[in-house]
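**Student:** sharing a sequence plus its predicted fold:
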Amino acid sequence: MEGNSTENRFPFSEVLHSPNVFFPNYATMKRDFKVFVYPDEVSSMYFGGLKDLIRGKYPSEGYFFHNLRKSIFWTDDPEKAHLFFIPISCQIMAQKGFSHQDMDRTIKKYIKNLISEYPYWNRTLGADHFLVACHDIGLNASSQIPQLEKNSIRVMCSSNYRSRYIPHKDVALPQVVQPFALPAGEFGTKNRTKLGLYVGSPDTKVGPAFVEAWKNDPEFEIWSTQLDGPRATLLYVKKFYKAKFCICNQGSGMNSACVAESINSGCVPVIMPEYYDFPLIDIINWRKFSIIVKEEDVYNLKEILKAISDEKYLELQKNTVKVQRLFEWNSSPMEYDAFHMVMYELWLRRHAMP
């Protein structure tokens, strides 16, 4: 009876690795978890109001910082903190015209001052500190400081193992372009007339191969053009609602916004995640709501998708709809949204030591 009650209250419990572990830990996190945020002394490095959050293609880090300031996890007492947040925003610095070299210097200077002015970094050599960045420039800049790269938790949209992202220590940040252009897609296949929608840049490793293999196949829709204005964006997003499977290979990694758009529209994601970490990987089982293939499978992709039974597809699609709330960022934190899921990933890492 307890399992059925959990399923009714939390529809996404079916995609969790272990509901019996997650829900008690989540409740403990909400009760106990505290984060100390260092002062934001230089305005050009930090987020201001909500208007800063939705600019550009990488708003996830802004939503995180904004939500943290409004959340129950924020503490002004560092002695009560489990983790320490370094509130530097590479996104804001980029918007203000900082070069990559400027960012490197700024972060190095900030960390140096932090070490000299506060005692907390030196207690663990930065292992209980974390930085959040969505653009890969944040990963590159943080890698210029050995202790920050090796010891601290880096919450990153760019979760590529070959780009100095360290799995199990670092956290893959769900990348979402919000607000979503259209409401969340519902369960069902009534209007899904295409087998697959391919979203990818033509200059990626897989892009040319996919376009060449399937450009004349009426069961596939291919979108490989740059978005230019609200009308093009709306046209692009509508295509997610007309396909059964959405193939994401945008060149920016497993965590591109295409994955979140697929989930929001109710389109089962098809992912080629070689050398990438999955967002929320410690919480949810991606195989329960997505198809995971290798890049070399591009020529066999239609055969792979066609081999999925109607019953299996409906199960995958139902679970895709169930996880929608886990990938939503909100202007104020909401239960089990992307912010809380990232906080849970951080909670799991609170005892990490170098």
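**Tutor:** Great, that's in hand. Numbering: from 1, shown residues only.
**Student:** first to last residue in stretch 198-212, what's the distance?
**Tutor:** Stretch 198-212 has an end-to-end distance of 12 Å (C-alpha to C-alpha, to the nearest Å).
**Student:** correction: the previous question concerned stretch 79-98.
**Tutor:** End-to-end distance of stretch 79-98: 34 Å, with C-alpha to C-alpha as the criterion.
**Student:** so how far is it off the chain centroid?
**Tutor:** Distance, stretch centre to chain centre, for stretch 79-98: 17 Å (C-alpha atoms, centre = their mean, to the nearest Å).
**Student:** do stretch 265-284 as well
**Tutor:** Centroid separation between stretch 265-284 and its chain, computed with C-alpha atoms, centre = their mean, is 9 Å.
**Student:** okay, how far is it across that stretch, tip to tip?
**Tutor:** End-to-end distance for stretch 265-284: 19 Å, by C-alpha to C-alpha.
**Student:** can you pull the buried residues of that stretch?
**Tutor:** Buried residues in stretch 265-284, counted by 16 or more other C-beta atoms under 10 Å: 265-274, 276-281, 283-284. Glycine gets a C-beta too; all of them are placed from N, C-alpha and C.
**Student:** which residues of the stretch 101-250 of the chain fall in strands?
**Tutor:** With DSSP state E, counting those that start in this stretch, the ranges of strands along the stretch 101-250 of the chain come out as 129-133, 153-156, 171-172, 194-200, 220-223, 243-249.
**Student:** CSV for those, including mean pLDDT, distance to residue 68 and mean neighbour count?
**Tutor:** Converted to CSV, those look like this (pLDDT from 0 to 100; distance: least, C-beta to C-beta, whole Å; neighbours: other C-beta atoms under 10 Å):
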stretch, mean pLDDT, distance to residue 68, mean neighbour count
strand 129-133, 91, 9, 25
strand 153-156, 92, 11, 26
strand 171-172, 92, 14, 26
strand 194-200, 88, 31, 23
strand 220-223, 86, 34, 19
strand 243-249, 90, 28, 26
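**Student:** ok, now which ones touch the nearest residue to residue 241 once chain neighbours are set aside?
**Tutor:** Among residues not flanking residue 241 along the chain, residue 265 sits closest, at 5.0 Å (C-beta to C-beta, 6 or more residues apart in numbering). For residue 265, the contacting residues are 182, 184-185, 237, 240-241, 246, by C-beta atoms under 8 Å, 6 or more residues apart in numbering.
**Student:** ditto for residue 187
**Tutor:** Listed by C-beta under 8 Å, 6+ apart, the contact set of residue 187 reads 266, 314, 317-318, 321.
**Student:** quick one: buried ones out of these?
**Tutor:** 266, 317-318, 321.
**Student:** how about JSON lines for the strands of the stretch 101-250 of the chain, with distance to residue 344 added?
**Tutor:** What follows is those, written out as JSON lines (distance: least, C-beta to C-beta, whole Å):
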{"stretch": "strand 129-133", "distance to residue 344": "13"}
{"stretch": "strand 153-156", "distance to residue 344": "12"}
{"stretch": "strand 171-172", "distance to residue 344": "10"}
{"stretch": "strand 194-200", "distance to residue 344": "28"}
{"stretch": "strand 220-223", "distance to residue 344": "33"}
{"stretch": "strand 243-249", "distance to residue 344": "24"}
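**Student:** mind checking which of those strands is nearest residue 326?
**Tutor:** Comparison of the strands of the stretch 101-250 of the chain against residue 326 by C-beta to C-beta identifies strand 171-172 as nearest, at 13.0 Å.
**Student:** what packs against that closest one?
**Tutor:** Applying 3 or more C-beta pairs under 8 Å, 6 or more residues apart in numbering; DSSP states H and E, one finds that strand 171-172 contacts strand 153-156, helix 338-348.
**Student:** appreciated, that's everything.
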